[in-house]
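Visitor: Compute the structure for the input listed below.
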Amino acid sequence: MSSTTATARPLETKSQLHLIRTHTRAQVLEQLRIPVAVLSSTIFPTLALVFFVLPQTAVTSNPLASLTAIAQLAVFGVMSAFLFNYGIGVAEERANPWSSYVRTLPAGEVPATVARALTAMMFAFFALVPVLVVGALTTAGMDLYLDGTLPWWRVPLAVAVWLLCGLPFLFLGLLIGYLCTSKVAIAVTQVVFFPLAFAGGMMLPPAIFAPGLDLFSRFLPSRAARDLSVSALSGEPFEASAVICFLAWTAVLAAGAIWANRRDQGRRFR
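Guide: Below you'll find the predicted structure:
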């Protein structure tokens, strides 16, 4: 390998990192220009906790049931943030002249896509904090941590798992956004989101599902994300099939998002 080639690679990596930082900063500022949208997506999971979980004394007085509910609603919030912000957001950007111009630049799709994922995770993290705080103050969930039954490192682990579990829904949002116009994307995202959330066990625990629905839900990315999230926070065991299902869906949806991006790129700019 020549010295010129060896020198070029670090410079190329540095350039890519700089582009990722630039795209991330631009996307964060763009999100902050609509504070109502940021606020609504941030407090949505917490409102779901307040209205659907706190009135159930049987849940809030049971530490394990409380942790399960908190974990379900946390991944529910991440899923909704990723799908709605990027399923609808990307479709709207495609109609924006400035975004169309940026896509013609020779930077490639990697920096913008990575920046989009980082921005999504950052705002999703802000939505997770109030869920944990309200859950800790109003339910018996933290009792298992206070009495030493569960180690405290599970809390940051759960946050990391929640954010990672949002990746297939980020890719699904990108797939919808690159394939649909903004008006169609709104309808498609809603049609996709609510069945995935319900069948994935985020609104009702899978333990009360009928056998047929329970079997069907085990093949969904939302159920896999829910099971992994509950396990991370509560210490409940999870099945290996949940990991396989999650990784398979992430790979398939990532490939679909890349394909949709290139398809849209080829139709509009070549």
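
Visitor: What lies in contact with stretch 184-200?
Guide: 76, 79-80, 83-84, 87-88, 90-92, 172-173, 176-177, 180, 203-204, 213, 216-217, 220-223, 225-226 (CB atoms under 8 Å, 6 or more residues apart in numbering). All C-beta spots, glycine's among them, are computed from the backbone N, C-alpha and C.

Visitor: For V230, see how far away L137 is.
Guide: For L137, the distance to V230 (CB to CB, to the nearest Å) stands at 20 Å.

Visitor: no no, C245
Guide: From C245 to V230 the distance is 15 Å (CB to CB).

Visitor: one step back: buried ones only from the contacts of stretch 184-200, please, as a PyMOL command.
Guide: Here is the PyMOL selection string for the buried members of those, based on 16 or more other CB atoms under 10 Å:
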select buried, resi 76+79+80+83+84+87+88+90+91+172+173+176+177+180+217+220+221+222+223+225+226
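
Visitor: Any regions of this structure where pLDDT drops low?
Guide: 1-14, 34-38, 40, 97-109, 266-270 (pLDDT under 70).

Visitor: where along it do the helices fall?
Guide: 3-32, 35-52, 57-60, 63-83, 89-94, 97-104, 110-138, 143-146, 154-165, 167-179, 182-199, 211-217, 221-234, 240-269 (DSSP state H).

Visitor: Neighbour count: C245 and V230, which is higher?
Guide: Just comparing C245 and V230: by other CB atoms under 10 Å the higher neighbour count belongs to V230, 27 against 21.

Visitor: wait, the more buried one sits on T68?
Guide: Yes - using CB atoms under 8 Å, V230 is in contact with T68, at 5.3 Å.

Visitor: any shared contact partners between the two?
Guide: E236.

Visitor: burial count for V133?
Guide: 11.

Visitor: Could you check how many residues crowd around L64?
Guide: By other CB under 10 Å, neighbour count at L64 equals 18.

Visitor: For the spatially closest residue to it that is not a sequence neighbour, give its distance to L17.
Guide: Leaving out its chain neighbours, the residue that sits closest to L64 by CB to CB, 6 or more residues apart in numbering is S234, at 6.0 Å. For S234, the distance to L17 equals 37 Å [CB to CB].
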